[in-house]
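Participant: test case, fold it:
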Amino acid sequence: MENGILKIGDKAPEFSLLNQHKVEVNLKALMGNKILLSFHPLAWTKICEIQMRTLEAKNEELKALQTIALGISVDSQACKKEWAKSMNIEKTDLLADFWPHGEVARKYDIFIEKLGISGRANFIIDEEGNIIFIKIYELSEVPDIEEIIRFLMNYK
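Facilitator: A predicted model of the protein is given here:
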């Protein structure tokens, strides 16, 4: 980390968060796989819904690339549970960065203090826990999952 900003090659900050099923998801326990952390500002919003539905739709392709996708926002676990149910998301973990509020988003330098939400961003972490991809998006922008898949196909 340089001046508080994460960069490619840095170790990914560790975290443990509850998913929509109240199961703890720990980054360290997922090592040995590539991890896509897909931060989104808030559940129940149109662009965030598209972003999470895309992760679910591309789950098998990501799995074939030895990649686990995780959706993360500052919403509560109960909120994530109902939102996932409303979207029929069954294979993708939606993580609640609720308390301490936005702690993981802060660790990844994308918490927007004045709004109390995370920014929209994708981070890819390699099998050893190193950040290999970072892209920050405008809040109004839907991340391009095909860009992520192309990156993963061409990585190493």
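
Participant: which stretches of this protein form helices?
Facilitator: 46-57, 59-64, 77-87, 103-107, 145-154 (DSSP state H).

Participant: for G9, which of those is the nearest?
Facilitator: Ranking the helices of the chain by proximity to G9 (Cβ to Cβ) places helix 145-154 first, at 15.3 Å. Quick note: C-beta positions are derived from backbone N, CA and C, even for glycine.

Participant: angle of the closest one against helix 46-57?
Facilitator: With axes from the mean of the first three to the mean of the last three Cα atoms, to 10 degrees as the basis, helix 145-154 and helix 46-57 are set at 40 degrees to each other.

Participant: what sits up against helix 145-154?
Facilitator: 34, 36, 54-55, 58, 61-62, 65, 67, 122, 124, 133, 135 (Cβ atoms under 8 Å, 6 or more residues apart in numbering).

Participant: at 7 Å what do you get?
Facilitator: Residues outside helix 145-154 that contact it (Cβ atoms under 7 Å, 6 or more residues apart in numbering) are 34, 36, 54, 58, 61, 65, 67, 122, 124, 133.

Participant: just flag the most distant two among these.
Facilitator: Checking the contacts of helix 145-154 with Cβ to Cβ, the most distant pair is K34 and T54, at 17.3 Å.

Participant: just to revisit the earlier point, adding mean neighbour count and mean pLDDT, write the helices of the chain out as a markdown table.
Facilitator: Shown next, in a markdown table, are those (neighbours: other Cβ atoms under 10 Å; pLDDT from 0 to 100):
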| stretch | mean neighbour count | mean pLDDT |
| --- | --- | --- |
| helix 46-57 | 18 | 98 |
| helix 59-64 | 14 | 97 |
| helix 77-87 | 17 | 97 |
| helix 103-107 | 19 | 97 |
| helix 145-154 | 15 | 97 |
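
Participant: Throw those into JSON lines and include distance to H40, thanks.
Facilitator: Listed next are the helices of the chain as JSON lines, based on distance: least, Cβ to Cβ, whole Å:
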{"stretch": "helix 46-57", "distance to H40": "4"}
{"stretch": "helix 59-64", "distance to H40": "16"}
{"stretch": "helix 77-87", "distance to H40": "11"}
{"stretch": "helix 103-107", "distance to H40": "10"}
{"stretch": "helix 145-154", "distance to H40": "13"}
